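Undergrad: Sequence unavailable; structure follows:
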């Protein structure tokens, strides 16, 4: 009898633990977050930016007494995490927003409307930021995020390879034709002149597409620009680089990214986004051999850099709305934006606040990334469902890169499919 | 029902209840939700789903990529399962004898199973790399040209299956070892006295008596092979020439559900996968009649 009672008690506790375990832990969470009015969570995806951001957040804590807990989730899991949080009603207080996702979250009322707060604020004025980045985080006239940073493109080159070939380094007078000639001259059995890689569209071929007068998607986001002759001509330029042996072919570039190729001296020149700087400037081989120049311009002097920028958004259902706004307001202020550049976190979205970023990495002059801001900046082409047509076009361009289809045929096909996707949006 | 019987009945259910709840919440209910979802054009955050009837399935039937990926999945299973079972069985038989360093070898064979599949895939991805990879470096030392292990559409799926075999041999071996230890030593003793060679012993005693384990290993391995995702996802970039010939159904499911946020179509693909696995398992269960359980 005794044994029976003991086993019954055991089974009952087991049952209680399994069935009520989940619900009780949820209650606890609510209690603890309610009692911690003086702390906020900030969700980000880039661990390279964490140390600098930590410093800025500590300064925020000093000013306001509100603690900031930075949570890092790698890019691949970040959106899964955020989506689960949004579906379950437990988004972080403040988090990074991306162009590709903003509309989806804004449309579903997941984000805190910041419009009225911006009007009342003395720190924030949307005119201070690069216009496209500010605009892209609006939905139906309401501002849902404050711009955090922008990124630009510049040309990295291997000084040693240029010296060996007895050629002059790239500079701000370079045109795309100069690049092609140099790439050909630099190519030999050991290394290729340039990295022409499908996957690095924002860093590589989008720039010439817009520089050449073509486009990827029209301004209304209703029509694909892939069948535009100028777009095709620009893409063909990069296919040609592969064809005449000035760039590793798609077999190599599909398996290895441009950073790894450049860091191992397998390519002499590569267009790199400002977000890769942390990785490149920390590499010993690049420290010894690498340097930066402006992205080339077209024959008529147009220099285009595609750019993009993140924003700080807050959860609509945060239980510390004032705190969340205070943090966003601080992070968007001139002071914090200047620090962001100074600490080498990223280029800042606040106009003219990025100058100190140019010298943050010892031994490198990164000013080409800042100089290009005076030329034509074109905002990253996007629509509601960017990923769908972006992935499709990358996969379809493989045939062009491999030479199994002409660039024109591949691009025309992409345009057809993309227009269909855009219609469904 | 007698009192004792009823008691047993209640207690039995009580004891399996936690597992049952887990299965219901984590497996059974989601299966039906997925089937339900496959008839919708899904909205964001589970809101605003639009009923579209069989549209997702009609699109699936006309989608060449789906059928190609079904072929890829079958190819993968056809390569991975037999090799991993045969090599696993051989390793188990060899390591079931009294020999020096037996435990060490068993541990070595089992090690790949302990590693995270994503980490395994990353390491192999670099070994297979056509430009910097270890395999092509060794080939060049032998004076042979480089092979595009994971970029050549003809061999990429084989390269991936090799990694699959390598990582699962240890697991199969442990199961077979357990099966082998069930076989009484008397049989082998009697066979030896009768003068049977060890090869004959293997085919006449070991193979028939290990068939229940063999059956279990085959069923679970085939199901797992059909669900292969991590190796393909980690090793293949979406601009890889060989991707159309290597992407599996699970990969397509992930691509549509989580990368392109089209959970309705993703669900339809995974239901196709479920149907395929169901049919294969059903056929295997029919074969079970011939298994020797004594």
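TA: That came through, no problem. In this text the structure is predicted, and so the values were computed from the model without any measurement.
Undergrad: quick one: residue A:285 and residue A:260 touch, right?
TA: No. Residue A:285 lies out of contact with residue A:260 (C-beta atoms under 8 Å); the separation is 10.8 Å. Quick note: C-beta positions are derived from backbone N, CA and C, even for glycine.
Undergrad: quick one, which of the two is more surrounded?
TA: Neighbour comparison, residue A:285 and residue A:260: the larger count goes to residue A:260, with 17 against 14 (by other C-beta atoms under 10 Å in any protein chain shown).
Undergrad: In which helix or strand does that one reside?
TA: Here residue A:260 sits within helix A:258-263, counting by DSSP states H and E.
Undergrad: Which of the helices or strands spans residue A:387?
TA: Going by DSSP H and E, residue A:387 is in helix A:386-402.
Undergrad: Check which element follows that helix along the chain.
TA: Criterion used, DSSP H and E; the element after helix A:386-402 is helix A:407-424.
Undergrad: so what does that following helix touch, helix or strand wise?
TA: Where contact means 3 or more C-beta pairs under 8 Å, 6 or more residues apart in numbering or on different chains; DSSP states H and E, helix A:407-424 is packed against helix A:229-243, helix A:386-402.
Undergrad: Show me the contact partners of it.
TA: Here helix A:407-424 makes contact (C-beta atoms under 8 Å, 6 or more residues apart in numbering or on different chains) with A:217, A:221-227, A:231-232, A:235-236, A:239, A:383, A:385, A:388-389, A:392-393, A:396-397, A:399-400.
Undergrad: Near chain B, which residues of the stretch 51-200 of chain A? Just list them.
TA: Within the stretch 51-200 of chain A, the positions lying close to chain B (C-beta under 8 Å from any C-beta of the partner chain) are A:80, A:83, A:86, A:87, A:104, A:105, A:107, A:108, A:110, A:197, A:198, A:199.
Undergrad: where in the chain is pLDDT low?
TA: All of this is about chain A. A:1-37 (pLDDT under 70).
Undergrad: The chain in question should be chain B.
TA: By pLDDT under 70, the low-scoring segments of chain B are B:1, B:291-294.
Undergrad: Quick check: the gap between the nearest residue to residue A:67 once chain neighbours are set aside and residue A:338.
TA: Among residues not flanking residue A:67 along the chain, residue A:39 sits closest, at 4.1 Å (C-beta to C-beta, 6 or more residues apart in numbering or on different chains). For residue A:39, the distance to residue A:338 equals 26 Å [C-beta to C-beta, to the nearest Å].
Undergrad: what about residue B:290, neighbour count?
TA: Using other C-beta under 10 Å, residue B:290 has 8 neighbouring residues.
Undergrad: that older thread, I'd say the residue nearest to residue A:67 and residue A:70 touch.
TA: No. Using C-beta under 8 Å, residue A:39 is not in contact with residue A:70; the gap is 11.5 Å.
Undergrad: The residue nearest to residue A:67: neighbour count?
TA: 17.
Undergrad: Give me the distance between it and chain B.
TA: Per C-beta to the nearest C-beta, to the nearest Å, residue A:39 is found 26 Å from chain B.
Undergrad: Please enumerate residues in contact with stretch A:164-184?
TA: The contact list for stretch A:164-184, computed with C-beta under 8 Å, 6+ apart, reads A:155, A:157, A:159, A:162, A:185-186, A:192-194, A:208, A:211, A:237, A:240-241, A:244-247, A:268-269, A:291, A:293-294, A:296-299, A:368, A:371.
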